[in-house]
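S.K.: Here is a sequence together with a model predicted from it:
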Amino acid sequence: MTSRRKFLQLSALGTALLPFSKAVAKPVVEGSKPIVLSTWNFGLQANVEAWKILSAGGRALDAVEAGARVPEGDAKETSVGLGGLPDRDGRVTLDACIMDENGRCGSVAFLEHIVHPISVARKVMEKTPHVMLVGEGALQFALANGFKKEKLLTKESEKAWKEWLKKAEYKPVANIENHDTIGIIALDANGNLSGACTTSGMAYKMRGRVGDSPIIGAGLYVDNEIGAATSTGVGEEVIRIVGCHLVVELMRQGNSPEDACRLAVERIISKNPEKAKQVQVGFLALNKKGEHGAYCLQKGFTFAMHTQQGNTLHNGKSVY
């Protein structure tokens with residue numbers, strides 16, 4: 001199973017880089033707007049859709065939703081939306097959240113049969129008095145709002161799951177099984193911030209497991225006065241420190257986005273130094289000025305950035 005996912009990861013990287021090979025060589029420009037940042041290699045494709053909105057003067061909220069929908073709808077992407085690897089019972093469950101410049105937020109967790117949970121999360125934000133809907137209730141809400149019930153388990157993911165069942169070992173490998181998230185944050189031309197986060201969660205997780213991705217303050221947080229942050233990796237470790245809220249608060253104290261991400265990573269290490277050496281967690285942050293930064297536990301965390309200078313892929317700095 002691990003070798004298969006390594007192959008998929010390398011294949012995705014190769015595919016992602018081809019259309020953007022010239023853009024990757026361009027210099028990083030700090031303090032520009034609009035700007036959109038997305039976690040991992042598939043963030044390049046997500047950024048393309050987000051940029052169509054941002055470059056036309058559109059709202060950051062619309063941009064992050066459009067960007068997040070790209071990997072959600074890609075059947076070849078095994079860590080987000082359609083085609084996501086299932087839980088240990090063979091069922092694909094999805095988590096997502098979204099947050100706008102006004103502090104409004106919406107979230108869904110343990111959602112089945114819906115390709116685009118990020119759009120359901122936005123409906124929760126806009127049409128209900130609640131922040132989070134889960135499980136059967138989230139599905140009922142989605143169907144009532146026009147979303148179609150679809151089969152999310154692809155033949156490829158089902159085959160991988162059946163192969164995993166032969167030993168049923170759960171030993172996530174950093175940067176492979178541990179990166180089941182796309183987090184996307186943006187600053188639009190009007191100076192407003194928004195963010196989105198969506199995932200199918202850890203492959204072969206226990207039935208009912210929910211990580212940090214749909215939890216406001218853990219997997220995503222936006223404060224339009226200060227900045228925005230999103231996370232990826234082992235969600236349990238992010239939840240324990242309320243990671244993205246921490247990153248934004250550290251920026252409020254005057255830290256740069258990169259330093260804020262680094263300090264949050266160090267907080268995780270301080271809680272459990274030995275475990276921190278075995279797992280991956282990465283943070284990605286953007287402040288009100290358009291400055292950005294990223295930091296992670298292990299080498300291998302990548303993020304994509306789109307500005308007027310182009311769409312580029314970068315390596316996050318790491319502790320180990």
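M.R.: Received, thanks.
S.K.: Number of residues surrounding the nearest residue to Met206 once chain neighbours are set aside?
M.R.: Computed as C-beta to C-beta, 6 or more residues apart in numbering, the closest residue to Met206 that is not its neighbour in sequence is Arg88, at 6.4 Å. Just so you know, the C-beta spots here come from the backbone N, C-alpha and C atoms, and that holds for glycine as well. The number of residues packed near Arg88 is 16, by other C-beta atoms under 10 Å.
S.K.: Arg88 and Val234, how far apart?
M.R.: Using C-beta to C-beta, to the nearest Å, Arg88 is found at 17 Å from Val234.
S.K.: With Gly58 instead?
M.R.: When distance is defined by C-beta to C-beta, Gly58 is 34 Å away from Val234.
S.K.: who has more neighbours, these two?
M.R.: Under the criterion of other C-beta under 10 Å, the comparison of Gly58 against Val234 puts Val234 first, with 26 against 19.
S.K.: With adjacent residues omitted, what lies nearest to that one?
M.R.: In space, and not counting its chain neighbours, Val234 is closest to Val279: 4.4 Å by C-beta to C-beta, 6+ apart.
S.K.: which ones are touching Phe303?
M.R.: Neighbouring residues of Phe303 by C-beta atoms under 8 Å, 6 or more residues apart in numbering: Leu37, Ser38, Thr39, Trp40, Gly43, Gly282, Leu284, Ala294, Leu313, His314, Gly316.
S.K.: typo on my end, Thr93
M.R.: Pro86, Asp87, Phe110, Leu111, Glu112, Ser200, Gly201.
S.K.: do you know how far the last one is from Met125?
M.R.: What that stands for is Gly201. From Gly201 across to Met125, the span is 21 Å (C-beta to C-beta).
S.K.: So which of those two has more stuff around it?
M.R.: The neighbour comparison of Gly201 against Met125 (other C-beta under 10 Å) goes to Gly201, with 26 against 19.
S.K.: Start from the N-terminal end of the stretch 151-300 of the chain and give the helices.
M.R.: Assigned by DSSP state H, counting those that start in this stretch, the helices in the stretch 151-300 of the chain fall at 155-165, 235-240, 243-252, 257-271, 273-276.
S.K.: Can you tell me which of the contacts of Phe303 is nearest Asp95?
M.R.: Using C-beta to C-beta, Thr39 comes nearest to Asp95 of the contacts of Phe303, at 14.6 Å.
S.K.: where does Cys105 fall, phi/psi-wise?
M.R.: Backbone torsions of Cys105, given as degrees, to the nearest 10, read phi -150, psi 160.
S.K.: If we ignore the residues flanking it in sequence, what's nearest it?
M.R.: Spatially, and ignoring its direct neighbours in sequence, Cys105 is nearest to Met99 (4.1 Å; C-beta to C-beta, 6+ apart).
S.K.: surely that neighbour meets Gly195?
M.R.: Yes. Met99 is within contact range of Gly195, at 5.4 Å (criterion: C-beta atoms under 8 Å).
S.K.: what is in contact with those two at once?
M.R.: Common contact partners of Met99 and Gly195 (C-beta under 8 Å, 6+ apart): Leu220, Tyr221, Val222, Ala228.
S.K.: Now, those residues that are in strands?
M.R.: With strands taken from DSSP state E, the overlap with the shared contacts of Met99 and Gly195 comprises Leu220, Tyr221, Val222, Ala228.
S.K.: Can you get me a residue count around the second one?
M.R.: Per other C-beta under 10 Å, the neighbour tally for Tyr221 reads 29.
S.K.: residues in contact with it?
M.R.: Met99, Gly195, Ala228, Ala229, Cys244, His245, Val247, Val248.
S.K.: got the contacts of Phe303 as a markdown table, with neighbour count columns?
M.R.: Converted to a markdown table, these look like this (neighbours: other C-beta atoms under 10 Å):
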| residue | neighbour count |
| --- | --- |
| Leu37 | 32 |
| Ser38 | 32 |
| Thr39 | 27 |
| Trp40 | 30 |
| Gly43 | 29 |
| Gly282 | 31 |
| Leu284 | 33 |
| Ala294 | 28 |
| Leu313 | 21 |
| His314 | 17 |
| Gly316 | 23 |
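S.K.: Greatest separation within the residues you listed: which pair is it?
M.R.: In the contacts of Phe303, two members sit farther apart than any others by C-beta to C-beta. They are Gly282 and Leu313, at 14.1 Å.
S.K.: For the residue of the chain positioned farthest from its centre, give me the pLDDT.
M.R.: No residue in the chain has its C-alpha farther from the mean C-alpha position than Lys166, which lies at 30.0 Å (C-alpha atoms, centre = their mean). Among the per-residue scores, Lys166 holds a pLDDT of 93.
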